[in-house]
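Chemist: build me a model:
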Amino acid sequence: MDRKTISVIGDGAWGTALALLLNDAGHKVTIWGAFPDYIDEVRITRKNDKYLPGVIIPDNITLTADESDCFDGCGLIVLATPSKFMRSICRRIKPFIRQARCNAPYMSVAKGIENDTLLRMSEVISQELETDNVAVLSGPTHAEEVARSIPSAVVAASNKPDLSEWIQSLFSTERFRVYSSSDLKGVELGGSLKNVIAIAAGICDGLGFGDNTKAALITRGLAEMTRLGVVMGADPFTFSGLSGMGDLIVTCASRHSRNRGLGEKIGSGMTLDEALQTTEKVAEGVYSAKSVHSLSRKLRIEMPISEKVYEVLYENRPCLDALSDLMMRIPKPEIDYV
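Modeler: Next up is the predicted model:
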């Protein structure tokens, strides 16, 4: 396989895990982080204890907070920053990309929808960096497991089939299987919408509910994810795949899930502000809940679970009242994706 020079923009758990994966595959990898003091600490200790504890970062992975170190000869730029920072980070790195005359493709691994514009991350990247050479990588993958080479599978998507297939070949290993897709919109929406449902799953855990509740929530959550995706032009079958159902299952069930964990704290009695103060890690569903609320209103689509998550997070709706609202809705047919 052709060895590439790859820059990972973002030193969080997922960016670090992907850097480890790419390094193991023989690529030359640089991780960029926004905070020089922390990057210096990680460079010395070779541990990213704030975001990915217990994992050693090999010496041949470069760690930098200097954008000018990242783009000379770069073959792929991986954007691994939280969605709420994606636009500002793109603006920050753009002059350095131009200075280096870098024409590498971009790959987003952020799972969110911008609050003000309701744009997906690939759209934000295209807008800010003036390119259509964009792919995404998404699926049921916790950084804690990928970093330890636990077998995982994802999907690479782009409007350009050659790009998604190239990403597929670049990232595929014996422990990391990559499928390709041309449904960029569906793959991104699946990765974003499932985080909102996962907060609801965590609330159920915090309230002490059981497997019946979780199974119903996941199933009906998938229905409303698919409903929104279809109206926005995505392929409904994408939501039955890794970036839809697969990611929804793992995010609703796993102890690693930030969104489920935050929901559990809220279900146990914390306010949103109190729950957010317990961790430095970003739970994307908190921000996507606002975007999904706006999209459902704008497109006039029923998304009852997502709507109740929004009310609990931002309108102080009691969790048990939100549950009663859901359970006592007007009876309907099960299959109502459109």
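Chemist: what separation is there between the nearest residue to R120 once chain neighbours are set aside and R101?
Modeler: Leaving aside its chain neighbours, R120 sits nearest to E188 (4.4 Å; criterion: C-beta to C-beta, 6 or more residues apart in numbering). C-beta coordinates here come from the backbone N, C-alpha and C atoms, glycine included. Using C-beta to C-beta, to the nearest Å, E188 is found at 29 Å from R101.
Chemist: with neighbour numbers in mind, choose between those two.
Modeler: E188 (27 against 8; other C-beta atoms under 10 Å).
Chemist: ok, now which ones touch that one?
Modeler: 108, 111, 120-122, 136, 138, 157, 243 (C-beta atoms under 8 Å, 6 or more residues apart in numbering).
Chemist: let's see that with 7 Å instead.
Modeler: E188 is in contact with 120-122, 136, counting by C-beta atoms under 7 Å, 6 or more residues apart in numbering.
Chemist: who wins on neighbours among the residues you listed?
Modeler: V136 (29 neighbours).
Chemist: quick one: strands adjacent to the helix or strand where that one lies?
Modeler: Secondary structure from DSSP states H and E places V136 in strand 134-138. With DSSP bridges as the test, strand 134-138 is paired with strand 106-108 (parallel), strand 152-158 (antiparallel).
Chemist: now render those strands as JSON lines, adding mean pLDDT and mean neighbour count.
Modeler: JSON lines is the format used below for those (pLDDT from 0 to 100; neighbours: other C-beta atoms under 10 Å):
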{"stretch": "strand 106-108", "mean pLDDT": "98", "mean neighbour count": "27"}
{"stretch": "strand 152-158", "mean pLDDT": "98", "mean neighbour count": "25"}
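Chemist: so which of the ones you listed is nearest D247?
Modeler: Closest to D247 of these, according to C-beta to C-beta: strand 152-158, at 9.0 Å.
Chemist: and the contacts of the closest one?
Modeler: Contacts of strand 152-158 (C-beta under 7 Å, 6+ apart): 134-139, 141, 145-146, 164, 167-168, 176-184, 187, 241-243.
Chemist: one step back: quick one: which of the contacts of E188 sit in strands?
Modeler: Among the contacts of E188, DSSP state E puts V136 in strands.
Chemist: just curious, which of the contacts of E188 is nearest to T5?
Modeler: Nearest member of the contacts of E188 to T5, counting by C-beta to C-beta, is V136, at 20.8 Å.
Chemist: where's stretch 246-261 relative to the chain centroid, distance-wise?
Modeler: 12 Å (C-alpha atoms, centre = their mean, to the nearest Å).
Chemist: stretch 219-234 now?
Modeler: Relative to the chain's own centre, stretch 219-234 is displaced by 17 Å; criterion: C-alpha atoms, centre = their mean.
Chemist: one more: stretch 26-43?
Modeler: 21 Å.
Chemist: adding distance to G221, write the strands paired with strand 134-138 out as JSON lines.
Modeler: JSON lines is the format used below for the strands paired with strand 134-138 (distance: least, C-beta to C-beta, whole Å):
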{"stretch": "strand 106-108", "distance to G221": "23"}
{"stretch": "strand 152-158", "distance to G221": "19"}
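Chemist: residues near M327, how many?
Modeler: M327, neighbours per other C-beta under 10 Å, totals 8.
Chemist: can I get the helix or strand bottoming out on mean pLDDT in the chain as PDB, trimmed to CA atoms?
Modeler: Within the chain, judged by mean pLDDT, DSSP states H and E, the helix or strand with the poorest mean is helix 272-276; its value is a mean of 93. In PDB, the C-alpha atoms belonging to helix 272-276 read as follows (Å, rounded to 0.1, in the frame of the first residue of the first chain):
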ATOM      1  CA  LEU A 272     -27.400  20.000  32.000                       C
ATOM      2  CA  ASP A 273     -24.900  22.500  33.400                       C
ATOM      3  CA  GLU A 274     -24.000  20.200  36.300                       C
ATOM      4  CA  ALA A 275     -23.500  17.200  34.000                       C
ATOM      5  CA  LEU A 276     -21.300  19.200  31.600                       C
END
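Chemist: which helices and strands does it pack with?
Modeler: helix 258-267 (3 or more C-beta pairs under 7 Å, 6 or more residues apart in numbering; DSSP states H and E).
Chemist: what packs against the helix it packs on?
Modeler: helix 184-206, helix 247-253, helix 272-276, helix 284-299.
Chemist: helices of the chain, start to end?
Modeler: 13-24, 36-45, 86-99, 121-129, 143-146, 161-171, 184-206, 211-231, 247-253, 258-267, 272-276, 284-299, 304-314, 319-327 (DSSP state H).
Chemist: mind putting the ones you listed in TSV, distance to G73 included?
Modeler: As requested, the helices of the chain are arranged in TSV below (distance: least, C-beta to C-beta, whole Å):
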stretch	distance to G73
helix 13-24	15
helix 36-45	21
helix 86-99	12
helix 121-129	18
helix 143-146	26
helix 161-171	16
helix 184-206	27
helix 211-231	38
helix 247-253	33
helix 258-267	34
helix 272-276	39
helix 284-299	32
helix 304-314	43
helix 319-327	52
